[in-house]
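S.K.: Structure for the following, please:
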Amino acid sequence: METERNLLERLDEDPESIETVIIGGGQAGLSTGYYLAEQGRSFVILDSHERVGDAWRKRWDSLLLFTPARFNGLPGMPFPAARDKFVNKDEMADYLEAYAQRMELPVRGGMTVDRLSQQGDRFLVSAGGWRLVADNVIVAMSNCQVPWVPPFATDLDPGIAQLHSKEYKSPSQLHGGPVLIVGAGNSGADIAIGGRQEPPDMDGRQGVRPHTVPDRAVVRAERPHQHRAFRGASRPER
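M.R.: Sure, this is the predicted structure:
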């Protein structure tokens, strides 16, 4: 079996040629791969994580999907859980890994694509020292990997704990006292509910109902340093 090092050295000298490259090994990338495999097409799926599903495994501990299991399956393989169950991040990650194995999808992990360029009527994909030329490139990833924090965050008191949702794992990372979550999309809502259910919760009391304020109220706040804690959630879902 060819080692990864030998593969990288060989491809750097003589780029591999393939019909289609899929960038991203999440739900979209795996589903696309399933249909290409059905048609007997030549393709490869590149993902920056070592294991399929790691994008889910590395998120906060209490994360639950917002859709019941009956809607979470990919083509050709229903999600193995009760139809109305809201599964957690690790169950979703394991399902994606099992899906890639069962469908025998050509996923190459640990491959972070850092450059995509066009050469004539083909594309050159670069991932570190690895290169590949393809007729088609499908970008099947989102921009949620890039944290976004409001500019005024740097003006807050240094004693206030600030975490982006990408860094957040559990309430144990927070200081005592109230918590302000910026962003009421999926990430912000799930973190609020999860923190409320884990003792001690975000403000040290049990069963506290999260409160929301309009986006404009946060933007216009003249003295944001009065908040005792701050956490920037992901960009609002579109």
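S.K.: what pLDDT, on average, does the helix of greatest length in the chain get?
M.R.: Among the segments of the chain that qualify as a helix by DSSP state H, the longest is helix 89-102. Helix 89-102 shows a mean pLDDT of 97 in the predicted model.
S.K.: Same question for stretch 21-41.
M.R.: Across stretch 21-41, pLDDT averages out at 97.
S.K.: For the most centrally placed residue in the chain, give me the pLDDT.
M.R.: By C-alpha atoms, centre = their mean, the chain has its centre lying nearest to residue 55, at 4.6 Å. pLDDT, the model's per-residue confidence, is 93 for residue 55.
S.K.: counting contacts, what elements does the longest helix of the chain pack onto?
M.R.: helix 27-38, helix 54-57 (3 or more C-beta pairs under 8 Å, 6 or more residues apart in numbering; DSSP states H and E). (Each C-beta comes from the backbone N, C-alpha and C, glycine too.)
S.K.: repeat that for 10 Å
M.R.: The contact analysis (3 or more C-beta pairs under 10 Å, 6 or more residues apart in numbering; DSSP states H and E) places helix 89-102 against helix 27-38, helix 54-57, strand 107-108.
S.K.: could you redo those as JSON lines and give each row distance to residue 176?
M.R.: Below are the helices and strands packed on helix 89-102 laid out as JSON lines (distance: least, C-beta to C-beta, whole Å):
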{"stretch": "helix 27-38", "distance to residue 176": "38"}
{"stretch": "helix 54-57", "distance to residue 176": "29"}
{"stretch": "strand 107-108", "distance to residue 176": "43"}
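S.K.: For the top strand by length along the chain, name the packing helices and strands.
M.R.: In the chain, ranked by residue count with DSSP state E as the criterion, the top strand is strand 130-139. The criterion is 3+ C-beta pairs under 10 Å, 6+ apart, and the helices and strands that strand 130-139 contacts are helix 4-13, strand 16-23, helix 27-38, strand 43-46, strand 115-119, strand 122-127.
S.K.: Report the inter-axis angle for it versus strand 122-127.
M.R.: Direction vectors for strand 130-139 and strand 122-127, defined by axes from the mean of the first three to the mean of the last three C-alpha atoms, to 10 degrees, enclose an angle of 110 degrees.
S.K.: Could you spell out the sheet neighbours of strand 130-139, each with its direction?
M.R.: In the sheet containing strand 130-139, its partner strands are strand 16-23 (parallel), strand 122-127 (antiparallel), by DSSP bridges.
S.K.: what's the closest of these to residue 106?
M.R.: For these, the distance to residue 106 is smallest for strand 16-23, at 9.3 Å, taking C-beta to C-beta.
S.K.: mind exporting the closest one as PDB, just the C-alpha atoms?
M.R.: These are the backbone C-alpha positions of strand 16-23, laid out as PDB (Å, rounded to 0.1, in the frame of the first residue of the first chain):
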ATOM      1  CA  GLU A  16      -2.900  13.400 -10.500                       C
ATOM      2  CA  SER A  17      -5.600  13.800 -13.100                       C
ATOM      3  CA  ILE A  18      -9.200  13.200 -12.200                       C
ATOM      4  CA  GLU A  19     -12.700  14.100 -13.500                       C
ATOM      5  CA  THR A  20     -14.100  15.800 -10.400                       C
ATOM      6  CA  VAL A  21     -12.800  17.100  -7.100                       C
ATOM      7  CA  ILE A  22     -15.200  17.700  -4.200                       C
ATOM      8  CA  ILE A  23     -13.900  20.100  -1.600                       C
END
